[in-house]
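A.B. asks: need the 3D shape of this:
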Amino acid sequence: MKRKGGPGAGQGGNKGGAKKQKTEGGNQQKGGQGGKPQQGGKQNQQKQGGAPQQQKKGGNQQQKQNNQNQGGKKKQQVVVESEPQVAAPAQTKGGKKGGAAKAASQPAAAPQAQAKGGKKGGAAKVAAQPAAAAPAQTKGGKKGGAAKAAAKPAAAAPAQTKGGKKGGAAKAAAKPAAAAPAQTKGGKKGGAQAEKKSPGKRNFDQLLAPENYTYLETSKELIKYLLSPIDVATFFKDNWEKAPLHIPRNNGKYYGNKALLTRQEFAHLAENGIPKIKDDSDDEDEQDMEDEEDGDVGGMMYFSRHLNAFTYEDGMKKDMNKYMSHSVTGFDDEDDEDKDPEDMEDMDMDMDSPFGGSNPLPSPIQAEDLTSLFETEKCTFQILHPQQYNDKIHHLVYLFEEYFSSLVGTNVYITPAGQSQGLAPHSDSAELFILQLSGSKKWKIYNPSEFDPPLQTLPNESSEDIPRDFLPEKPVLEAELKTGDLLYVPRGFVHEAMTTSEESNHITLSTYEKNNWASFVNTLFATSLKEVVEAADESRVGVPLNFVVQGPNRTTAEVAKEHSSKILELVAKLADNEEIIQSSMDTFGLDFMSNRIRPPRQLIVDDEGIDELTEEGLMQSGKARLRNPGWLLLVPDEEDEEDDIEEDEEEQDEEDFERFGVYTCLGNDRRGHMTGEAEPEEAKELTISSKVADFVKEMQKAYPEYVDIAGSALQGEEGVEFLIMLAGRGLIELKGK
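C.D. replies: Numbers count the residues shown, from 1 in each chain. Next up is the predicted model:
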């Protein structure tokens with residue numbers, strides 16, 4: 001399945017256009033240009049100087065901010081500080097609203113940590129006590145299985161795994177666990193003896209292993225792991241969309257033994273090419289054709305497509321991509337040496353490229369480029385969309401999208417040591433989760449309400465670069481991220497970061513861009529207006545002459561109001577209809593389904609026994625269930641296209657004549673994730689009758705249980721035939737004769 005467009009990310013934006021990658025946190029938006037990361041191609045340049053512009057109202061109205069700070073006081077920023085620990089982070093209990101969480105350690109530990117209220121806009125700190133003994137680090141056991149337990153009998157019972165069908169994910173059937181598992185001693189040469197983790201106690205690497213995946217349980221466990229020791233409910237009550245959060249851990253192995261993508265690994269990919277992704281097509285000829293169309297022949301990597309290189313010094317940001325101009329960019333290497341950078345910046349690069357859209361033709365990345373840019377120029381590397389070729393990051397993004405039901409963009413940032421900074425202060429239009437993978441970095445976060453004049457909260461668009469003269473006197477949060485730490489930055493909060501005495505590597509996951517009520521109401525309005533246009537003749541009457549021509553005879557606003565208000569009343573009446581609202585919700589979800597990342601290939605299973613099932617046997621004693629409720633979306637089909645079910649229309653009752661489109665993410669192109677916007681029709685798998693759709697809805701409600709086919713609303717063999725088709729596409733599981 002092909003995607004359109006070039007580099008980018010996001011949900012709910014305009015189609016096409018370029019995507020701007022500007023955030024330390026990798027903001028993700030599909031849409032046109034203008035102060036935000038954009039999808040498609042040309043990277044917008046950051047403007048220097050000038051006051052930060054206010055977000056404009058109009059079009060999509062801003063979602064009202066819930067949970068306003070009471071009494072005009074600012075909500076304290078939560079910073080959790082822990083002592084050096086060998087153990088797992090202490091469990092936390094939610095404190096008072098706006099306060100810090102309380103650390104619950106071992107009974108013998110010192111008194112509970114006290115929250116120290118800071119000054120206005122300051123951070124509240126929690127000094128956690130040393131935690132209980134941590135579970136031993138594990139290394140992989142047998143293929144596809146969990147690590148073996150070497151704990152004492154008194155420790156928690158290891159989870160038992162039940163093998164599924166070939167290629168399927170194992171389901172964990174955990175026994176009630178005791179307290180912390182016993183510490184294990186090193187076993188054979190090469191590492192410590194492994195211990196099997198029960199659900200809820202798996203480490204980062206285990207959570208990202210597809211063979212350990214269970215629908216919703218794994219993604220919930222991952223978010224709990226990332227936010228620990230902060231309780232997830234407390235985070236959403238006190239921080240989500242409201243206040244930044246720094247979680248220090250003093251645990252350099254919290255995100256695994258090494259970074260998800262190191263500078264050396266990226267250099268190797270740049271030199272040797274990105275490996276072919278084999279999970280997009282079973283047809284090698286089709287795969288090669290898609291590679292050629294995408295400009296990925298040979299897996300070559302390009303500036304602007306796979307990497308941005310920035311420096312920020314003395315209030316000026318320099319985009320080094322434009323200077324990396326090998327012959328592909330339109331200049332010969334010899335000409336480049338004498339070419340004025342300003343001339344290169346002004347040259348017209350709006351030409352068609354293999355990366356989709358109208359964008360600069362990127363320059364190939366060469367090994368000497370990376371060495372020079374990083375070691376000599378002290379550039380920050382912004383590695384774009386590594387989920388497209390890195391399996392661990394692919395699964396990380398998949399779990400994030402499953403949890404938030406929203407598109408997730410990600411970039412890896414690698415910055416040289418020595419107070420180096422790559423990006424200017426700015427804000428983003430997405431919620432940012434920053435995982436410090438190695439090294440350290442100092443961050444400053446500023447509250448948008450403390451600017452003069454105040455900046456918009458929860459903006460739909462990212463800001464331009466903000467000059468330091470416009471920053472508030474004090475940041476609302478100042479923190480040094482060390483390996484294993486997490487930083488959460490709500491959208492709209494201005495931020496900047498620089499390294500310390502060591503090189504820094506962090507990954508940013510950004511989500512919830514334009515995933516707000518204003519965007520939904522826009523969809524609801526469009527759906528309702530379409531119904532009005534079909535039903536109300538007055539809505540289709542032409543506007544008066546001179547309606548758009550300015551002059552003495554132009555139609556007055558009063559006349560326009562008289563006619564439009566009648567139509568708006570009809571639209572408002574329909575928008576209050578539950579059926580219209582549900583239909584709009586389904587339509588709103590189409591963008592997510594057609595653009596989300598496809599599941600890891602280990603999770604996509606073809607039922608090998610499908611050919612052995614008979615329609616008669618299924619109708620008599622068959623059962624069915626969805627493989628994953630998140631992989632399938634039903635939407636009423638309004639197109640006048642030839643139906644997949646060939647039935648005599650005269651024999652259908654009116655109710656069954658309604659058709660539903662089955663949309664799925666299983667065919668989405670992983671290599672195009674967040675770099676182009678797929679049309680919803682590209683995710684459409686097939687069209688089914690209302691009877692089959694009703695049965696699918698039964699499976700959605702009953703998951704994870706099976707639903708009996710016998711006695712259901714399905715009519716005859718044709719309905720069962722469609723269940724077999726859905727099973728063959730990996731969307732449902734069937735049991736029967």
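A.B. asks: what pLDDT does residue 247 get?
C.D. replies: Per-residue confidence (pLDDT) for residue 247: 98.
A.B. asks: check residue 636 too.
C.D. replies: Residue 636 carries a pLDDT value of 88.
A.B. asks: just residue 288 next, same as before
C.D. replies: We have a pLDDT of 46 for residue 288.
A.B. asks: looks to me like residue 412 is in a helix.
C.D. replies: No - assigned with DSSP: H, G, I helix; E, B strand; the rest coil, residue 412 falls outside any helix and is strand.
A.B. asks: who does it bridge with?
C.D. replies: residue 383, residue 507 (DSSP bridges).
A.B. asks: measure residue 735 to residue 215 for me?
C.D. replies: Distance, residue 735 to residue 215, by C-beta to C-beta, to the nearest Å: 18 Å. Using the backbone N, CA and C atoms, a C-beta is placed for each residue, glycine as well.
A.B. asks: compare these two (neighbour count), which wins?
C.D. replies: Counted by other C-beta atoms under 10 Å, residue 735 and residue 215 do not tie: residue 215 has more neighbours, with 18 against 15.
A.B. asks: and the more buried one, its phi and psi?
C.D. replies: Backbone torsions for residue 215, taken as degrees, to the nearest 10, come to phi -50, psi 130.
A.B. asks: how about it, what does it touch?
C.D. replies: Under the criterion of C-beta atoms under 8 Å, 6 or more residues apart in numbering, the neighbours of residue 215 are 402, 628, 629, 630, 703, 704.
A.B. asks: relative to residue 501, which of these is nearest.
C.D. replies: Checking the contacts of residue 215 against residue 501 by C-beta to C-beta gives residue 402 as the nearest, at 38.4 Å.
A.B. asks: excluding its backbone neighbours, what's nearest the closest one?
C.D. replies: Leaving aside its sequence neighbours, residue 402 sits nearest to residue 219 (C-beta to C-beta, 6 or more residues apart in numbering; 4.5 Å).
A.B. asks: and that neighbour, which of the three is it?
C.D. replies: helix.
A.B. asks: quick one: buried ones out of the contacts of residue 215?
C.D. replies: 402, 628, 630, 703 (16 or more other C-beta atoms under 10 Å).
A.B. asks: CSV please, covering these and showing pLDDT, distance to residue 534 and secondary structure.
C.D. replies: Below are these laid out as CSV (pLDDT from 0 to 100; distance: C-beta to C-beta, whole Å; DSSP: H, G, I helix; E, B strand; the rest coil):
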residue, pLDDT, distance to residue 534, secondary structure
402, 98, 36, helix
628, 95, 35, coil
630, 95, 32, helix
703, 96, 35, coil
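A.B. asks: and the residue nearest to residue 402, how far from residue 364?
C.D. replies: In this view, residue 219 and residue 364 are 37 Å apart by C-beta to C-beta.
A.B. asks: do the same with residue 686
C.D. replies: Per C-beta to C-beta, residue 686 is found 41 Å from residue 364.
A.B. asks: residue 219 and residue 364 - which one has more neighbours?
C.D. replies: The neighbour comparison of residue 219 against residue 364 (other C-beta under 10 Å) goes to residue 219, with 20 against 17.
A.B. asks: do you know the pLDDT at that one?
C.D. replies: Residue 219 is given a pLDDT of 97.
A.B. asks: how about it, what does it touch?
C.D. replies: 399, 400, 402, 403 are the contacts of residue 219 under C-beta under 8 Å, 6+ apart.
A.B. asks: check whether the last one really touches residue 224, as I assumed.
C.D. replies: Pointing back at residue 403 there. No - if you go by C-beta atoms under 8 Å, residue 403 and residue 224 don't touch, sitting 10.2 Å apart.
A.B. asks: which residues do the two both contact?
C.D. replies: Overlap of the contact sets of residue 403 and residue 224 (by C-beta under 8 Å, 6+ apart) is empty.
A.B. asks: so where's this protein uncertain?
C.D. replies: Scanning the chain for pLDDT under 70 picks out the ranges 1-200, 278-298, 325-361, 606-609, 639-657, 715-717, 737.
A.B. asks: tell me who's in contact with residue 683.
C.D. replies: By C-beta under 8 Å, 6+ apart, residue 683 lies in contact with 1, 590, 593, 594, 663, 664, 665, 667, 668.
A.B. asks: er, residue 712 actually
C.D. replies: Residues in contact with residue 712 (C-beta under 8 Å, 6+ apart) are 695, 698.
A.B. asks: gap between it and residue 477?
C.D. replies: Distance of residue 712 to residue 477, given as C-beta to C-beta: 55 Å.
A.B. asks: again, but for residue 484
C.D. replies: Distance, residue 484 to residue 477, using C-beta to C-beta: 18 Å.
A.B. asks: who's more crowded, the two?
C.D. replies: The residue with more neighbours, out of residue 484 and residue 477, is residue 477; 25 against 20, by other C-beta under 10 Å.
A.B. asks: surely that one is in contact with residue 246?
C.D. replies: Yes - contact criterion C-beta under 8 Å: residue 477 and residue 246 qualify, at 6.4 Å.
A.B. asks: fine by me, we can end here.
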